[in-house]
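With the input below, show me the fold.
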Amino acid sequence: MAETVVITTRDLEPAVRLRDAFREEGFDVELLTAGERIRDVVDPVLVVLTGALEEKQARRLAREAFEMDRLPVIGLFADAADATLDARRRLGLAEALVKPVDPHEAARIGKRLILRRRLREVTGIVGETEAMIETLERVVQIAPVSSTVLITGESGTGKERVARGIHALSPRRSRPFVPASVAALPETLLESELFGHERGAFTGAIAQRKGLFELADRGTLFLDEIGELPMSTQIKLLRVLEEREFMRIGGEEPITVDVRIIAATNQELRQLVEIGRFRRDLYYRLNVLAITLSPLRDRQEDIPLLVEHFIRESAREHSRTPVAVSPEAMRLLREYPWPGNVRELRNLVESMVVLAPGSVVRPEDIPGEIRDRTGRSGLPAHLPRFDETTTVAAAPELEFIFRTLIQLRMDVEDLRTRFHEYRELHPEFGRQAAFPFPLQPAAIVPPPAALVSRPTAIEEVELAEPDADEEDVIVYRPGMTLADVERAAITATLRAKKGNRRKAAEALGMGERTLYRKIKDYAIAL
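Numbers count the residues shown, from 1 in each chain. Prediction:
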């Protein structure tokens, strides 16, 4: 069934020319006369108001389009001075054009609006801010081609949803979309997962297995966390991108594939290139078309729309009645910085739908860490702020800060190691090139006296062998180096996770490969 574009006949001359242009684009067209309703049209996807936009009839149709799951509306203005941004917002228009209009250009604009709405339906991407509209337009533009795409953005901003949208609007939509997280695949199995293996290629290879590239043939392969890809695998990926062929592990015959690669990362790949952890040629090969997703804190105007969308989604999923959010509660949600971005907001809304005591969510129903958002301290909202009223009950928050400081130390030391490795490989820089970040810890402001009386406060903990019933306690004594504390933290976490390195790496907030190296460096016995 063809999709239908609804055009009003308030100004008949442009209405007829627009009808012919939209039909050339493959749409059905319904001319709407005075008194008729959009709801009576079969499968409407776009509304074009040809004139008298300030009159009651046009306003009624625009409101009806909004109620019909936000159908996009194009308005034709008689004067450019009237086609202001304020007028567009007041009338609920997606686009404003000034008469006389080029009907073919208007049809192309309308088609982009229809594709943008279809993209929202397929992926669940919601937003009306300029940043989101620009992202959706970018997806619509690049979806029809087969070039490689690099999506960057913080964790939780929806990189996989954007990748699925690109695939859904592309000519490959009927072929597989295969997602894979590089960080979730152990390095020893990564090449086998990507390229497959032949029977007997290594111990445990009891049968031939196709890799992700073969499974995604003529479709799309989404490689998330591409910055975690080992250097040896980067070389092989580059060859596949350039030659469109590869060999399974243990294989002798090249396999040709037609796969579109969409890569994503929350890291700055250019920095990884500069320190030698990511190949420059692979970076340029991946970064043919780029999309950068804005964090939720930079598009707060979208939060009410996202909350409304997630309420409907969660209510349907859990068979609950949709709740409303009071203006005071919505204000708290808009002002919170959302370090976890859209993923964090979706999880919160789901909990509100399931746990809300009434039909309206009020400020007291919102978790305390969101109500007590970031203050003048400049710390992220999920970290505590200390003042004279802080009591020893804040010890768990102190432990969290302590672990964060340890992780920062790990990251800096890892960067230093990479820096020295890079300097060794590039003697032209000379030995005088120094690592730019000092490794001596800066002075730490002690916590209030109320916290010092607690034996678990940072200043008073001792490093000692844990008791049998307190194996998960990390004890610190003044004078210990951060390397000693780091070793104790890794040892305690491995013990708590019963030697499971993957779970320990997740708990410590580091990659598995980094954890393996730390275990070797510190000679930690398992």
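
Tell me which residues of stretch 27-36 come out buried.
For stretch 27-36, the neighbour count (16 or more other CB atoms under 10 Å) marks 27-32, 36 as buried. From N, CA and C alone the C-beta is placed, and that goes for glycine too.

likewise stretch 305-314?
306-311, 313-314.

what's in contact with that stretch?
124, 126-128, 296, 320, 322-323, 325, 330, 333, 342, 345-346, 349-350, 352-354 (CB atoms under 8 Å, 6 or more residues apart in numbering).

Out of those residues, which sit inside strands?
Among the contacts of stretch 305-314, the members falling in strands (DSSP state E) are Val325.

For ChimeraX, what selects the buried ones among the contacts of stretch 305-314?
Remark: buried members of the contacts of stretch 305-314, expressed as a ChimeraX selection using 16+ other CB under 10 Å:
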select :124,126,127,296,323,325,330,333,342,345,346,349,350,352,353
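
circling back: out of the buried residues of stretch 27-36, the closest to Val73 would be?
Set against Val73, the nearest of the buried residues of stretch 27-36 by CB to CB is Leu32 (12.2 Å).

Please, where are all the strands along the protein?
4-8, 28-32, 44-49, 73-77, 95-98, 149-152, 177-181, 220-224, 245-246, 255-256, 260-265, 289-292, 324-325, 360-361.

Tabulate the ones you listed (a markdown table), appending distance to Glu301 and mean pLDDT.
A markdown table is the format used below for the strands of the chain (distance: least, CB to CB, whole Å; pLDDT from 0 to 100):
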| stretch | distance to Glu301 | mean pLDDT |
| --- | --- | --- |
| strand 4-8 | 28 | 92 |
| strand 28-32 | 31 | 91 |
| strand 44-49 | 23 | 92 |
| strand 73-77 | 19 | 92 |
| strand 95-98 | 19 | 90 |
| strand 149-152 | 22 | 95 |
| strand 177-181 | 30 | 93 |
| strand 220-224 | 28 | 95 |
| strand 245-246 | 45 | 88 |
| strand 255-256 | 47 | 91 |
| strand 260-265 | 25 | 95 |
| strand 289-292 | 19 | 94 |
| strand 324-325 | 15 | 91 |
| strand 360-361 | 20 | 89 |
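
Dump the ones you listed to a markdown table, plus distance to Arg209.
Below are those laid out as a markdown table (distance: least, CB to CB, whole Å):
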| stretch | distance to Arg209 |
| --- | --- |
| strand 4-8 | 48 |
| strand 28-32 | 48 |
| strand 44-49 | 43 |
| strand 73-77 | 51 |
| strand 95-98 | 50 |
| strand 149-152 | 27 |
| strand 177-181 | 14 |
| strand 220-224 | 16 |
| strand 245-246 | 14 |
| strand 255-256 | 13 |
| strand 260-265 | 21 |
| strand 289-292 | 31 |
| strand 324-325 | 49 |
| strand 360-361 | 49 |
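
quick one: which of those is nearest Glu274?
strand 260-265 (15.1 Å).

can you list contacts of the closest one?
Contacts of strand 260-265 (CB under 8 Å, 6+ apart): 146-153, 159-160, 163, 166-167, 170, 172, 219-227, 241, 286.

same question, stretch 132-145
Contacts of stretch 132-145 (CB under 8 Å, 6+ apart): 112, 115-116, 119-120, 125-127, 149, 162, 165-171, 289, 291, 293-294, 299, 302.

List buried residues within these.
For these, buried by 16+ other CB under 10 Å: 112, 115-116, 119-120, 125-127, 149, 162, 165-170, 289, 291, 293-294, 299, 302.

In stretch 9-26, which residues are buried?
Buried, per 16+ other CB under 10 Å, within stretch 9-26: 10-11, 14-19, 21-22.

rewinding a little: select from the buried residues of stretch 305-314 every entry located in helices.
Applying DSSP state H to the buried residues of stretch 305-314, the entries found in helices are 306-311, 313-314.

what residues go with each domain of this structure?
Here the domain parsing of the chain from automatic domain parsing is 4-123, 132-292, 299-371, 392-521.

what's the least confident stretch among those domains?
Per-stretch mean pLDDT for these is lowest at domain 392-521 (a mean of 61).

what about Arg17, distance to Thr8?
Remark: distance between Arg17 and Thr8 (CB to CB, to the nearest Å) = 14 Å.

And Glu369, by the same measure?
Taking CB to CB, one finds Glu369 at 50 Å from Thr8.

same thing with Glu198?
From Glu198 to Thr8 the distance is 64 Å (CB to CB).

Comparing these two, which residue is more hemmed in?
Thr8 (24 against 17; other CB atoms under 10 Å).

Now for the more buried one: which residues touch it?
Counting by CB under 8 Å, 6+ apart, Thr8 has contacts 15, 31-33, 47-51, 57-58, 61.

just Met247 next, same as before
Counting by CB under 8 Å, 6+ apart, Met247 has contacts 195, 253-255.

Apply the buried test to the residues you listed and list what passes.
195, 255.

Of the contacts of Met247, which is the nearest to Ser181?
Nearest member of those to Ser181, counting by CB to CB, is Phe195, at 16.7 Å.

Distance to Lys498 for the ones in helices among the buried residues of stretch 305-314 - can I get that in JSON lines?
Shown next, in JSON lines, are those (distance: CB to CB, whole Å):
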{"residue": "Leu306", "distance to Lys498": "39"}
{"residue": "Val307", "distance to Lys498": "40"}
{"residue": "Glu308", "distance to Lys498": "44"}
{"residue": "His309", "distance to Lys498": "40"}
{"residue": "Phe310", "distance to Lys498": "36"}
{"residue": "Ile311", "distance to Lys498": "40"}
{"residue": "Glu313", "distance to Lys498": "37"}
{"residue": "Ser314", "distance to Lys498": "35"}
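
In helices, which of the buried ones among the contacts of stretch 132-145 fall?
112, 115-116, 119-120, 162, 165-168.

Convert the C-alpha atoms of stretch 39-58 to PDB, please.
Taking Å, rounded to 0.1, in the frame of the first residue of the first chain, the C-alpha atoms of stretch 39-58 are listed here in PDB:
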ATOM      1  CA  ARG A  39      -8.000  10.900  10.000                       C
ATOM      2  CA  ASP A  40     -10.200  10.000   7.100                       C
ATOM      3  CA  VAL A  41      -7.200   9.500   4.800                       C
ATOM      4  CA  VAL A  42      -5.600   6.000   4.400                       C
ATOM      5  CA  ASP A  43      -2.000   5.800   5.700                       C
ATOM      6  CA  PRO A  44      -1.100   9.500   5.800                       C
ATOM      7  CA  VAL A  45       2.600  10.300   6.100                       C
ATOM      8  CA  LEU A  46       2.900  14.000   5.500                       C
ATOM      9  CA  VAL A  47       0.600  17.100   5.600                       C
ATOM     10  CA  VAL A  48       1.100  20.200   3.400                       C
ATOM     11  CA  LEU A  49      -0.800  23.300   4.300                       C
ATOM     12  CA  THR A  50      -0.900  25.500   1.200                       C
ATOM     13  CA  GLY A  51      -2.100  28.800   2.800                       C
ATOM     14  CA  ALA A  52      -4.000  30.700   5.400                       C
ATOM     15  CA  LEU A  53      -1.800  29.200   8.100                       C
ATOM     16  CA  GLU A  54      -3.100  31.500  10.900                       C
ATOM     17  CA  GLU A  55      -6.800  30.600  10.200                       C
ATOM     18  CA  LYS A  56      -8.700  28.100  12.300                       C
ATOM     19  CA  GLN A  57      -8.800  25.400   9.700                       C
ATOM     20  CA  ALA A  58      -5.100  25.200   9.300                       C
END
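
what's the offset of that stretch from the middle of its chain?
Distance, stretch centre to chain centre, for stretch 39-58: 35 Å (CA atoms, centre = their mean, to the nearest Å).

May I see the buried residues of it?
41, 44-51, 53, 57-58.

Next, format the residues you listed as TSV and append distance to Ile249.
Shown next, in TSV, are the buried residues of stretch 39-58 (distance: CB to CB, whole Å):
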residue	distance to Ile249
Val41	57
Pro44	53
Val45	48
Leu46	51
Val47	56
Val48	57
Leu49	61
Thr50	63
Gly51	66
Leu53	64
Gln57	68
Ala58	64
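
which of the residues you listed lies closest to Ala96?
Once CB to CB is applied, the member of these that ends up nearest Ala96 is Leu53, at 8.8 Å.
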